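Asker: sequence unavailable; structure follows:
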């Protein structure tokens, strides 16, 4: 029985993780969980799992739920999450938090020798160097949940990383993949949230539309698989059937395919090296018929090019880029700025915020603050 501590339980990845646990109650147990502001979802989870403790974002919600569940420990805030991790007997952390807030729990799990099933991109995008140092000192392992990185992980099984020529990360292109840059000027929030293939949270769906999400995945792949950026390529694949590929030195290309269902990579991260049955729609290639691939246009998607640049330069730039993107993405979702200004703000942050080395968690916090404050200042001049 593998005991799972699930953070971000009320989000898309969190709910699908719960579904995986419910499909295999003899193998997986929910040891504790954390949600944000969705306390109704917390109540639903508590109907299905008798956990001793859980965490929410707001203190007022914690007080309310503590009255409703007097036998349970209810914690709140970022410190509450870290306290939950310290007091829970668990085997693997499923980190499905969104944004920079996911870094500290990932680092805490590794430093306490707990494995991490990682859906939080920002842990590696912002603090990949710090995470790698921690992994070198502890026995913890990171198992990727992102469909692209899970695909690469699966394609590497039974092979040697030193014989890899390149990683090929597929990209659907998001909600606006068929629009020109001129057409992007007037797109609406509702249009941006209508992803053609995947069911994801709002923030990640917007990041998919700007291709910032794909840029993050390139950086994440660099840290997960220890390959330089010139050995990590992105290819457009509108059908989202091939989740990513690995090309070896003999030019053999291995691909992992499946329907666009995040439960598969979630389950593989929890069950590796075993494969388990999964109640999902199987892939029918005859129905799919045609698979398309083409090169991404980095002028059309400038944030993808920016991610390569920031990753190559290193230091604080990836954390600055992420913080500015979080703020700009949020502002667009609040209808404060137009869609294309997300790109302007993120590019401006990387260009204008001073470069600094990243050696400590404090350096990381400073980089996050710099990127966020830059974005807020730009947003304030518009809104």
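Answerer: Arrived safely. Please read these numbers as outputs of a predicted model, since none were measured by experiment.
Asker: what's the domain layout of this protein?
Answerer: 2-144, 147-259+284-308, 314-383 (automatic domain parsing).
Asker: hmm, residue 212 and residue 346 touching each other?
Answerer: Yes - applying C-beta atoms under 8 Å as the test, residue 346 and residue 212 come out as touching, 6.9 Å apart. Just so you know, the C-beta spots here come from the backbone N, C-alpha and C atoms, and that holds for glycine as well.
Asker: which residues do the two both contact?
Answerer: Any residue near both residue 346 and residue 212 by C-beta atoms under 8 Å, 6 or more residues apart in numbering counts here, and that gives 303, 325.
Asker: quick check: which of the domains of the chain is nearest to residue 265?
Answerer: Nearest to residue 265, of all these, is domain 147-259+284-308, at 3.4 Å by C-beta to C-beta.
Asker: distance between the ends of that closest one?
Answerer: Using C-alpha to C-alpha, to the nearest Å, the end-to-end distance of domain 147-259+284-308 comes to 20 Å.
Asker: what mean pLDDT does it get?
Answerer: The average pLDDT for domain 147-259+284-308 rounds to 92.
Asker: before we move on, the earlier item: kindly reformat the domains of the chain as CSV containing distance to residue 268.
Answerer: Shown next, in CSV, are these (distance: least, C-beta to C-beta, whole Å):
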stretch, distance to residue 268
domain 2-144, 8
domain 147-259+284-308, 6
domain 314-383, 26
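Asker: looking at the ones you listed, which is closest to residue 271?
Answerer: Between the domains of the chain, domain 2-144 lies closest to residue 271; by C-beta to C-beta that is 7.3 Å.
Asker: and the closest one, how far from the chain's centre?
Answerer: Domain 2-144 has its C-alpha centroid displaced from the chain centroid by 14 Å (C-alpha atoms, centre = their mean, to the nearest Å).
Asker: thought residue 294 was touching residue 236?
Answerer: Yes - look at residue 294 against residue 236 with C-beta under 8 Å: they come within range, at 5.0 Å.
Asker: which one of those two has more residues nearby?
Answerer: residue 236 (18 against 10; other C-beta atoms under 10 Å).
Asker: what is the more buried one paired to in the beta sheet?
Answerer: When assigned by DSSP bridges, residue 236 has beta-bridge partners residue 171, residue 294.
Asker: all strands for the stretch 201-350 of the chain, in order.
Answerer: Secondary structure of the stretch 201-350 of the chain (DSSP state E, counting those that start in this stretch): strands located at 232-236, 242-248, 253-257.
Asker: closest one to residue 374 among the ones you listed?
Answerer: Using C-beta to C-beta, the strands of the stretch 201-350 of the chain put strand 232-236 closest to residue 374, at 26.2 Å.
Asker: residue 123 and residue 103, how far apart?
Answerer: 5 Å (C-beta to C-beta, to the nearest Å).
Asker: one more: residue 142?
Answerer: 13 Å.
Asker: the more surrounded of those two?
Answerer: Comparing residue 142 with residue 103 by other C-beta under 10 Å, the one with more neighbours is residue 103, at 27 against 24.
Asker: how about the more buried one, secondary structure?
Answerer: At residue 103, secondary structure determined by DSSP: H, G, I helix; E, B strand; the rest coil is helix.
Asker: tell me where the stretch 151-300 of the chain has helices.
Answerer: 189-192, 202-210, 212-225, 263-271, 285-288 (DSSP state H, counting those that start in this stretch).
Asker: all strands for the stretch 1-150 of the chain, in order.
Answerer: 2-7, 28-34, 53-56, 73-76, 92-95, 115-118, 142-144.
Asker: highest mean neighbour count out of those?
Answerer: Comparing these by mean neighbour count (mean count of other C-beta atoms under 10 Å), strand 92-95 comes out on top with a mean of 26.
Asker: what strands line up against that strand, and which way round?
Answerer: Sheet partners by DSSP bridges: for strand 92-95, these are strand 2-7 (parallel), strand 115-118 (parallel).
Asker: got the contact list for the shortest one?
Answerer: Right, strand 115-118. Contacts for strand 115-118 (C-beta under 8 Å, 6+ apart): 91-95, 106, 109-110, 124, 140-146, 266, 269-270.
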